[in-house]
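> Predicted model and sequence below, questions to follow.
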Amino acid sequence: MTRLELRDVRKNFGPLEVLADISLHVATGEFVSILGPSGAGKSTLFQLLTGAIQGEGEMRFDGAPLDGARFAFMPQRDALMPWRRVIDNATLGLEVQGMKRRAARQRVAPLFAEFGLAGFERAWPTELSGGMRQRAALLRTVVQQRDMLLLDEPFGALDALTRAAMQRWLERMWQSHRWTALLITHDVREAVLLSDRIYVLSARPARVVSEVAVPLPRPRTESAELAREAAAIEAGILDTLLAADPISRPSDGEMK
Amino acid sequence: MRGRDAPSPISQERGEPSAIGESRGAVQSPPLRGRSALTSALAKLAPAALAFALLLIAWELYARLGGIAPTVLPAPSRVLTQAWENRAALADNTLPTIRATLAGFACSLLAAFILSALVDFLPRLRRAMFPLLIASQTLPLVAIAPLVVLWFGFGLLPKILLVALVTFFPMIVALVEGYAATSTEISQMLAAMGAGRWRIFWLARLPSALPYFFAGLRISITYAVVGAIFAEYAGAAKGLGIYMLSAKNNFRPDLVLAAVAVSSALTLALFGLAVLVQHFAMPWERAGRDSKVEPSEGRP
């Protein structure tokens, strides 16, 4: 069943055309990625979804026009509050929803082991490593029990090894929870490892240049054969991306 | 202190391998601090204490051997003995100064907090007010203090007003800048969670301003005592300011200096208090420092 559906969504900032005709859909329990070059307007799309900015076009959720409070949003950097202990960061979304802090803590505490954070409930965020901070941020995101997760380059700030470990961990987590999720990334390997489907965006103004299904079984890091198939898909996507954004067009580069 | 009473994260990690190996070793239980922290703090203070002692000794020798009359430049030893002999009068005049300082500073803090919050919600108010506030900092205190006393009498009120005048500006600037330093990602995330402006202010903007608040507090608290003494100098029944004035008029520079020493000690004590309050109000600052100082062994 289709949960989120976007049709011909556009966004301009003054004369700057950022999003041009974005159409996509995400079904229940599906993990979908939006893959595009830096500065393509991927984060703008998330701001449209969370209602931080207004754009044109049609955005529907479960068939009805999109209203707020559908998404649990995980920003690019972890955005943990340094003045709250890890457990109180995890309960933040529940507290904003009006739950008492005590009840929120009781709801969140049993999840710490699964997120590899057992024993760190009372630690300050500055005491955690980069990977642990991201897991704490994801914990804060999923306990909100919203209809859908929005993940904005969640591992972009991590070192390569930690990122690879986090991707495998997220894949396992997703397998057992089957969240409906939309991931923004510019990491082709990450998209292929985690997604059921991938929308490939062009450089700014962003439009969907191709939609790639990833029909590989999970977990995808199990066998060498799976890795080869994944690599073939990656290569195909890279070709699409590079063809859509040739270096001979320097004006389509980085935003700002 | 955290880490000794909390369940040791390290043993937990080693006991049951966590989902991901990279987390191991990122957090160390803090080493036994306390005594070592005290000795290192003393070691840091030693050069300053030595310089101060040398200055006093040089002054003492110059005053004694230079043949200078104590009514012009009293030696530190004379200041000390005279301060002790006049301790009752000094204490009697110190209390009103403390009262004026604390009352004025408390009013200033309260006003700065309320107004900074208003300014945060109404940016137009900021544009209306800040030029006035900056102008208030250009007023020469020497000229304003007697006028304020003229208008409001010899009681507590003019002192509170003058202390507030000198401390309010650094406090409100610190708070307003602190609110503005809130991470946009945290604000956006809270907005996506459905938090309104007031919730965002309370959950994110106010805590983000804390380091700025304490920086402003440490600066303005050193102005506060000086402001109170200025107010008393311009006219008061009792207080260190009026005590200095009458000692000067009686050709007793030793007692002027004794009062100066008391006011300096008062300022230093308030400064120390501010540092102490910050220490306990922001425990996460310490945690961050500790984990940065400690080596993170075995982390890939």
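Here it is on my side, so go on.

> taking the mean pLDDT, what do you get for the top helix by length along chain A?
Secondary structure of chain A per DSSP state H: the longest helix is helix A:224-244. The average pLDDT for helix A:224-244 rounds to 81.

> for stretch A:190-206, same thing?
87.

> Ok, stretch A:37-57 next?
Stretch A:37-57 comes out at a mean pLDDT of 82.

> list the buried ones in the longest helix of chain A?
A:229, A:230, A:233, A:234, A:237, A:240, A:241, A:244 (16 or more other CB atoms under 10 Å in any protein chain shown). C-beta coordinates here come from the backbone N, C-alpha and C atoms, glycine included.

> Please apply the same query to stretch A:59-66.
A:59, A:61, A:66.

> again, but for stretch B:86-98
In stretch B:86-98, counting by 16+ other CB under 10 Å, buried: B:86, B:89, B:90, B:93, B:94, B:96, B:97, B:98.

> Just give me the closest of the residues you listed to residue B:243.
residue B:93 (4.1 Å; CB to CB).

> Cross the buried residues of stretch A:59-66 against strands and list the overlap.
Using DSSP state E, A:59, A:61 are the members of the buried residues of stretch A:59-66 that sit in strands.

> With distance to chain B as added columns, please give the buried residues of stretch A:59-66 in JSON lines.
Formatted as JSON lines, those follow (distance: CB to the nearest CB, whole Å):
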{"residue": "A:59", "distance to chain B": "15"}
{"residue": "A:61", "distance to chain B": "15"}
{"residue": "A:66", "distance to chain B": "13"}
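
> can you count the residues close to the closest residue in space to residue A:153 that isn't next to it in sequence?
Nearest non-adjacent residue to residue A:153, counting by CB to CB, 6 or more residues apart in numbering or on different chains: residue A:76, 4.9 Å away. Residues lying near residue A:76 (other CB atoms under 10 Å in any protein chain shown) number 17.

> for the chain, which spans come out with low pLDDT?
This is for chain A. A:68, A:244-256 (pLDDT under 70).

> should've been chain B
B:1-36, B:288-300.

> swap the cut-off to 50 and go again
B:1-32, B:292-300 (pLDDT under 50).

> So in chain B, which helix runs the longest?
Per DSSP H, chain B has its longest helix at helix B:87-121.

> list the helices and strands that one packs on?
Where contact means 3 or more CB pairs under 8 Å, 6 or more residues apart in numbering or on different chains; DSSP states H and E, helix B:87-121 is packed against helix B:123-136, helix B:156-180, helix B:206-234, helix B:240-249, helix B:253-281.

> Report the angle between the shortest one and helix B:87-121.
Regarding helix B:240-249 and helix B:87-121, their directions subtend 140 degrees when assessed with axes from the mean of the first three to the mean of the last three CA atoms, to 10 degrees.

> List the contacts of residue B:205.
The contact partners of residue B:205, taken as CB atoms under 8 Å, 6 or more residues apart in numbering or on different chains, are B:120, B:178, B:179, B:182, B:187.

> circling back to that earlier point, identify the residues contacting the longest helix of chain A?
Applying CB under 8 Å, 6+ apart, the set of residues contacting helix A:224-244 is A:35-37, A:188-189, A:191-193, A:198, A:200, A:202-203, A:209-210, A:212, A:214, A:216-217, A:220-221.

> The same query, at a cut-off of 7 Å, please.
Identification of contacts with helix A:224-244 by CB atoms under 7 Å, 6 or more residues apart in numbering or on different chains yields A:35, A:37, A:188-189, A:192-193, A:198, A:200, A:202-203, A:209-210, A:212, A:214, A:216, A:220.

> What of stretch B:169-189?
A:52, A:73, A:75-77, A:79, A:81, B:108-109, B:112-113, B:115-116, B:119-120, B:133, B:136-137, B:200, B:204-205, B:208-209, B:212-213, B:215-216, B:219-220.

> To residue B:60, which of the helices and strands packed on helix B:87-121 lies closest?
Closest among these, using CB to CB: helix B:253-281, at 12.8 Å.

> just checking, what packs against the closest one?
helix B:76-85, helix B:87-121, helix B:206-234, helix B:240-249 (3 or more CB pairs under 7 Å, 6 or more residues apart in numbering or on different chains; DSSP states H and E).

> Just the buried positions in that helix, please.
B:253-259, B:262-263, B:266-267, B:270-271, B:274, B:278.

> nearest to chain A, of these?
residue B:278 (12.7 Å; CB to the nearest CB).

> How much space separates the nearest residue to that closest one once chain neighbours are set aside from residue B:127?
Spatial nearest neighbour of residue B:278, chain neighbours left out: residue B:214 (4.2 Å); criterion: CB to CB, 6+ apart. With distances taken as CB to CB, to the nearest Å, residue B:214 is found 27 Å from residue B:127.

> and the two? which has more neighbours close in?
residue B:214 (20 against 10).

> Assign residue A:222 to helix, strand or coil.
Of the three states, residue A:222 takes coil under DSSP: H, G, I helix; E, B strand; the rest coil.
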